[in-house]
Structures are given as structure tokens and as C-alpha cells.
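Q: here is my input; please provide its structure:
(chains A and B)
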Amino acid sequence: MTLIVRRAAYRTAMFVLALGLVVLIWETYKAVGPADGGKLLGVRILPRTSEYAMPHVWDMFQRFSRPEVRGSDRTVFSSVLAGAWYSFRLSVAGFVLGGAVGVGLAVLMARFKLVQRGVLPYLVVSQTVPLIALAPLVVSWGGKLEVGPFVWPRWLSASVLGAFLAFFPIAVGTLRGLAAAPAASVELMQSYAASWGKTLVKLKFPTAVPYMVPAFRLGASASVIGVVVAEISTGLKGGIGRLIIEYAREATGDPAKVYTAIFGAAALGLTMAGVVVAVDVFVMRNRPKESIS
Amino acid sequence: MKKRSVRVAFAGIAALSLFVAACGGSDEAADEVTEETTAEATEEAAETCTTPTPVKLQLQWFIQAQFAGYFAAQDQGFYADQCLDVTIVEGGVDIVPQTELANGNVDFAISWVSKALASREAGANIVNIAQVFQRSGTLQVSFKDQNITKPEDFAGKKIGNWGYGNEFEIFAALTKAGLDPAKDVTLVQQQFDMVGLLSGDIDAAEAMTYNEYAQVLEAVNPDTGALYTADDFNVVSYEEAGVGMLQDAIWASGERLASDAAYADTAAKFVAASLQGWAFCRDNVEACRDIVLAKGSKLGASHQLWQMNEVNKLIWPAANGVGFIDEAAWTRTATLSQETKNLEGGTVLTKAPDAEAYTNDIVTKALDILAGLGVDTSGSAYAPIEVTLNEGGN
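A: Next up is the predicted model:
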């Protein structure tokens, strides 16, 4: 136990140290870098150090405590927090949706080689469609969808776009995992006359877990990206993506403010990945260390 | 060992269902901008009408004073008075109001005339039913020392433009001044803020009177430590240069106008109540700022007041009555859209828009309704207020 605690403390220390290093590099460059940036053959290769291009780190953090608009008692911090929480819930919805579709597809592809050969190339192609081209379409389709009492809420479009990015790594990772069961074990199951479904549940899924966890982690951060980009693209109110453009519009007068929303988005991505890791640790707590490859 | 693996698998499934449960929680998270207010409005109207007609209006962008008239009409119950239940849908970076309207997702949309005409030429059957902004609010802003006071002075300068169809007034002005956009100026793609101008990447930046121009006046001049003032800049107004193109107008579905008498009736009521909202904002500038702020705009109070005031200047006075489509301005916009070539040699329109692209029937009916209510629809006595901007627009 103490080993785990010590390792966690070490990791936290390294994380803080790395952050400190980034701040140090930022501020050092701002202090010594050329004010108008460096140009080589007319192409700017070094960024400017002006307040517009690189606000002081402490200015960014100071913005957190300011009221969002003058006279309101709502600070930028509480706005960013509320935005991140809203986007987090959309990302979780997108992640669950993407996870279900991804795992479902992987099982289908593992079961039927024909499906795998037919579907897999399309999965790859699907990821080359730019999200911002898709976003207005999804909003538009969603706006038309009305099945009985169910009316497509606008936030669902953002979640669907999150799912669209999340399902791909999950499908591919799970598919690889399902194929990873040792041949000897598969033969053993066959010798028991175990059905395909039984083999899937008792053997293939458990052996797939070490492949699925990193895939889910990728899917989680992909879902966050999908949701944030969709929020920016469709102007969905309430989330961190919307805050980023709202604050970016004030960049002329207050260049440091937009960074608060960007920090919020970064924290959101880290939280999502953290949740997946926590679930992983919880699920794997009884598994002997050596069996995790 | 095997048993454990199974437990792991089940725990995984359990964890997934936990996520599903968490997802269920976000159902309540959907917060529609207008829900509460429309509910309120419906209540007020309950005395005069039993079932208000639901109407959806698509904006071009987020909530800001540029759309104050519609929010005021909602807030002051003008829509409810006309027995309408209006939901105002905000725009986004990739949301095209004309497309939303043509798709039938919304009933009415706000759009610039040239862009909407391009959509119409591409097959979207949409019709201009009220020209809310009578004048163009586009400027080209530059520092005094650049000496750019008219389009002729653009020669040899770095001219910022937004692209996406927002650049045609610049090209029209260049053409009119006898300059070749490809050779005589350097065109620079401009971000939606004014940092490019302030840091010297752009000599003259494109700006709306009601938004970007205010942004530079809210920024601190590093040389003096105080805010920039109007004296630091030269401004070229495209309206004054004779190449102004019509901007914010209310568009409706041409198909439904022709086939659906109830929709045409709703359109007249909707336009009437919207214009009543704009008249309210003309006479109550600060109240309209507060309405916009209360809707959750993130831009500061002084910025919104500035925007409200500048938008009023684009609408009032309206000689023919607010919303009336002036044939001369319409023709000028259409002609400029056909004749002005951008860098790629393209024009907004390839041929003149057909006669059905706009109608004054709806707005005439609407103005009649407003005359009955005693609303001043010409604003001949309109005088703008003086607005002091604070740092960052707060």
C-alpha cells in the first residue's frame, strides 16, 4: 500500500513539476523573446511576445476570480466550471453511446469475418470526414427527428458527434482484444463444446480487457474533443466550447480571458481520461499483477 | 483464475451501465434559451388567444444587441399580443440560417441579403419579407498614421477581410476606386477579433460599427495605458462610399408563403411584433441592453449598449417605414452581388435575383397592424445616444 501511495505522490510531483516547467518556458520566452517575433524569409517562425499573443500566466489565472461581466456576482471561474461540467455530461453520454456502438461493432466483426472485411474499411473512412462538416448536418437531421413524444434535444447532436469520434478507437481496440485469446484456451473452450456466446463472455472479453482499457481511454478523450468542437460549430449554449468562442471574441480587449476557458477544456479532457483510469483500477483490483500485459 | 476473469468482465459491464445511468442525468441538462420566457409570454396571452402559434426564428449568431428587437418583442410580450409563441434559436460558427429555413427546421431566419440571395440562387426558396437594417454597418478601420480615409487609399496596404461572403463590400469599393484587388492591395484573412490591426499585421481591418469597432475602443493602448479613442483611428464606411449592401433582414419560406395562407398571416404578425420590438429598443436603449444581458450574453454591458445604439443607427430613421424594402438599395445590393469579383474571379450571384426574392406585402400588412397600435414606425425624430465604452466592454 505504501508503495502505491509513494508512487502516486511521485506522479503528482512530476505532473506539477512539468506544469511548472511549461510556465517557466512560457514566461522566459516572453521575457527574452523578440517582441515582434522572428521572421525567416518573410515567414514568422518565432511567435510574438506581445500581450495579445502571449499574456502572462498570472494574468490568465487572475481572470478566474474576476466577475464574468461587470456587476454580476458570477465569476469567470464558476462560469468555466459550469461549462466544463455541462460538457462533461455531454461527453459521458457521447462516450457511452460510442462505447456501445464500438463494442457492438467489434463483437459483430469478431463473429463474422465477412462483416469485418466489409465494415472495417468504412470505419477508417468515417474518421476522415471533418467533424465541422458533419456538425451542421447532424443538427439539421436531429431537428427533423420526432418519434412520438421524443423530440431530439440540441445537446444530443453534440453527444452524437462525440460518439462519432469515440467509437472508432473503441471498436478497433476491442476487435484486437477479442482476437487476443490464446489459441490453447480457445481450443479448450471448444473441447467443452462451449457455445460462441459462452466463449465470448467467459474467455474473450476477459482477455480483451487489457486492450480495451487503452482504447476506452482514447475514446474518452476523443469524445471530449467531439463534444467541444460540436459546441463551437453549432453554437450550443452552456458548454466549454461555447465559452471558448465567447471569450475569444473579447480577445481584442482582454487577451488573457480566453485561456481560462482553454484551461477548463484541458481539465475536462484530463477528468474524462481520469475517470476511465479509475474504473480500470477498480475493475482490475483483484486481478493478479502478472496477468496484466 | 477463470472465475476472476468472469468477474472482471461483469464488473466492466457494470461500470458501463453506471455510465449509462450517468448519461440519463444529462437529460435534464438541456437548457433552451427561450423556454421560460415563451412560457411567460404564453401566460400573458392566454386572455386573448387560446392556442398561440408556435414560431421558430433562427439568428445568425449568438445573443447580442444585434438581435435586440426580437428579444425585446419576446420580453415585452409583443409576440404574445399577436398570439405567437416565438422560440429564438441562436446561431453558431457553422450554422447557416438560410439552410435551416430552407430545410424547414425554423419558420423564419435572419440573414444578410447578399448571402441569402446566394442561397436562393443555389435553390433555397427563401423570400425577404422585412429589411430591418436599412443601412450597411461595415467599416474598414485603420490607425491614423496610415492615412486611409477613402477606398482609394487602400492602394499598397494590407487590407483585412473575413471572407465567407463578408468581403464583397471591400471588393466593390476597390473596384469602384479603380484598384485591382489582386495587384494593388494585399488582402489578409482576418480573425473575428481585432488583434491583427492592433499588432500591425493588418493596415486596415474590416469591422462592424456595432461590434469589432467597439472592440478596438475597449482595448488598452500600450503607449498611453488608457483605452484607444476614436481619434486614434480612421474609418472608411462602405455605406458612405456608395457600396453598402443590405444586411440583416427577415427571411421566410417562399413555398409556404405561396401555399399556406395561415403562414402568410403568421408572417405578417411576426414581422409586426418584431418591428414593434425594434421600435421599443429605439426608445428604450438601456432597457434593451438589459434584456439582452439577461438572456445570457457574455459580452459586457457597455459593449452591448454601444451595439444597441449602433444597430439603432442602422435601422432608424426609416423613411418608408421600418422593415420596408427600398427598391434602390435592393437593386444596388443585387447589382453589386453580380458584378463584384473576388480574388478567384467569382461573384456572389451569377444572374439577377428573380422578382419573387423579396416582397413588401408582408411588411406593409405589418406596418398597418403597427399603425393600429399607434407605434411610430418611421422614427423621424430618432437621435442616437452617446455611449462610453469601458475596458473589455464591461
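
Q: could I get the average pLDDT for stretch B:303-314?
A: Averaging pLDDT along stretch B:303-314 gives 95.

Q: do stretch B:169-187 and chain A meet?
A: No - on the criterion Cβ under 8 Å from any Cβ of the partner chain, stretch B:169-187 is out of touch with chain A, staying 12.1 Å away. Yep, even glycine has a C-beta here, placed from its N, CA and C like the rest.

Q: for A:Leu270, the count of nearby residues, please.
A: By other Cβ atoms under 10 Å in any protein chain shown, 13 other residues sit near A:Leu270.

Q: which non-adjacent residue is nearest the one residue in the stretch 151-293 of chain A that gets nearest to chain B?
A: Residue of the stretch 151-293 of chain A nearest chain B, by Cβ to the nearest Cβ: A:Gly235 (2.4 Å). Leaving aside its sequence neighbours, A:Gly235 sits nearest to B:Gly92 (Cβ to Cβ, 6 or more residues apart in numbering or on different chains; 2.4 Å).

Q: which residues are in contact with that neighbour?
A: A:232-236, B:62 (Cβ atoms under 8 Å, 6 or more residues apart in numbering or on different chains).

Q: would TSV of the residues you listed with neighbour count be doable?
A: Output for the contacts of B:Gly92, formatted as TSV (neighbours: other Cβ atoms under 10 Å in any protein chain shown):
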residue	neighbour count
A:Ile232	24
A:Ser233	25
A:Thr234	28
A:Gly235	24
A:Leu236	24
B:Phe62	22
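
Q: where's the dip in pLDDT among those?
A: Lowest pLDDT among the contacts of B:Gly92: A:Gly235, 82.

Q: list the contacts for it?
A: A:242, A:245, B:61-62, B:90-93, B:95.

Q: mind running it again at 6 Å?
A: Contacts for A:Gly235 (Cβ atoms under 6 Å, 6 or more residues apart in numbering or on different chains) come out as B:90-92.

Q: which of the residues you listed sits closest to chain A?
A: Among the contacts of A:Gly235, and counting by Cβ to the nearest Cβ, the member closest to chain A is B:Gly92, at 2.4 Å.

Q: hang on, the earlier thing: taking the contacts of A:Gly235 one by one, which sit in strands?
A: Using DSSP state E, no member of those sits in strands.

Q: show me the domain layout of the chain.
A: In the absence of a named chain, chain A is used. The record's domain parsing of chain A by automatic domain parsing lists A:1-54, A:56-291.

Q: chain B is the one I meant
A: With automatic domain parsing as the reference, chain B has domains B:35-134+B:246-382+B:387-391, B:138-237.

Q: burial of B:Met245, as a residue count?
A: With other Cβ under 10 Å as criterion, B:Met245 counts 25.

Q: do you know how far the closest residue to it other than its chain neighbours is from chain A?
A: Using Cβ to Cβ, 6+ apart and skipping the chain neighbours, the partner closest in space to B:Met245 is B:Thr333 (4.5 Å). Going from B:Thr333 to chain A by Cβ to the nearest Cβ, to the nearest Å gives 26 Å.

Q: I figured B:Thr333 hits B:Lys115, correct?
A: No - applying Cβ atoms under 6 Å, one finds B:Thr333 not in contact with B:Lys115, separated by 10.8 Å.

Q: what about these two, which has more around it?
A: Shown here are B:Thr333 and B:Lys115; by other Cβ under 10 Å, B:Thr333 has more neighbours (27 against 21).

Q: find the helix or strand that the nearest residue to A:Ser126 once chain neighbours are set aside is a member of.
A: Ranked by Cβ to Cβ, 6+ apart and with sequence neighbours excluded, the top spatial neighbour of A:Ser126 is A:Phe168, at 7.1 Å. A:Phe168 is part of helix A:154-178, with elements assigned from DSSP states H and E.

Q: any chance of the domains of chain B in JSON lines, with distance to A:Phe150 too?
A: Formatted as JSON lines, those follow (distance: least, Cβ to Cβ, whole Å):
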{"stretch": "domain B:35-134+B:246-382+B:387-391", "distance to A:Phe150": "17"}
{"stretch": "domain B:138-237", "distance to A:Phe150": "35"}
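
Q: mind telling me which of the domains of chain A the model trusts least?
A: Taking the mean pLDDT of those, domain A:1-54 comes last: a mean of 84.

Q: is chain B within reach of that one?
A: Yes - using Cβ under 6 Å from any Cβ of the partner chain, domain A:1-54 reaches chain B at A:50, A:52.

Q: residues contacting stretch B:233-243, please?
A: B:135-136, B:138-142, B:144, B:148-149, B:151, B:169, B:172-173, B:176, B:244.

Q: cutoff 8 Å now
A: With Cβ under 8 Å, 6+ apart, stretch B:233-243 has contacts from B:135-144, B:146-151, B:153, B:169-170, B:172-173, B:176, B:204, B:209, B:213, B:216, B:244-245, B:336.

Q: for it, the averaged confidence score.
A: 94.

Q: would you mind listing the buried residues in it?
A: B:233-239, B:241, B:243 (16 or more other Cβ atoms under 10 Å in any protein chain shown).

Q: same list, those, but as JSON lines with secondary structure please.
A: Converted to JSON lines, the buried residues of stretch B:233-243 look like this (DSSP: H, G, I helix; E, B strand; the rest coil):
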{"residue": "B:Phe233", "secondary structure": "strand"}
{"residue": "B:Asn234", "secondary structure": "strand"}
{"residue": "B:Val235", "secondary structure": "strand"}
{"residue": "B:Val236", "secondary structure": "strand"}
{"residue": "B:Ser237", "secondary structure": "strand"}
{"residue": "B:Tyr238", "secondary structure": "coil"}
{"residue": "B:Glu239", "secondary structure": "coil"}
{"residue": "B:Ala241", "secondary structure": "coil"}
{"residue": "B:Val243", "secondary structure": "coil"}
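
Q: is it correct that B:Glu152 is in contact with B:Ala177?
A: Yes - at 4.5 Å, B:Glu152 counts as touching B:Ala177 under the criterion of Cβ atoms under 8 Å.

Q: near chain A, which residues of the stretch 101-250 of chain B are found?
A: So the stretch 101-250 of chain B meets chain A at B:103-105, B:192-195, B:198-199, B:212, B:215-216, B:218-220, B:222 (Cβ under 8 Å from any Cβ).

Q: where does chain B have low pLDDT?
A: Applying pLDDT under 70 to chain B flags residues B:1-48.

Q: repeat that with 80
A: B:1-48, B:163-165, B:192, B:341-346, B:392-394 (pLDDT under 80).

Q: now the angle between helix A:154-178 and whichever strand or helix holds A:Trp141, please.
A: Secondary structure assignment for A:Trp141, by DSSP H and E: helix A:131-144. Per axes from the mean of the first three to the mean of the last three Cα atoms, to 10 degrees, the angle that helix A:131-144 makes with helix A:154-178 is 120 degrees.

Q: which parts of helix A:131-144 are buried?
A: Those would be A:131, A:134-136, A:138-140, A:142-143, for helix A:131-144 by 16+ other Cβ under 10 Å.

Q: which helices and strands does that helix pack with?
A: The contact analysis (3 or more Cβ pairs under 8 Å, 6 or more residues apart in numbering or on different chains; DSSP states H and E) places helix A:131-144 against helix A:154-178, helix A:205-234, helix B:97-102.

Q: so which of those helices is nearest A:Leu114?
A: helix A:154-178 (14.3 Å; Cβ to Cβ).

Q: who's in contact with B:Ser274?
A: Taking Cβ under 8 Å, 6+ apart, one finds B:69-70, B:73, B:78, B:130, B:132, B:250 in contact with B:Ser274.

Q: alright, calling it a day.
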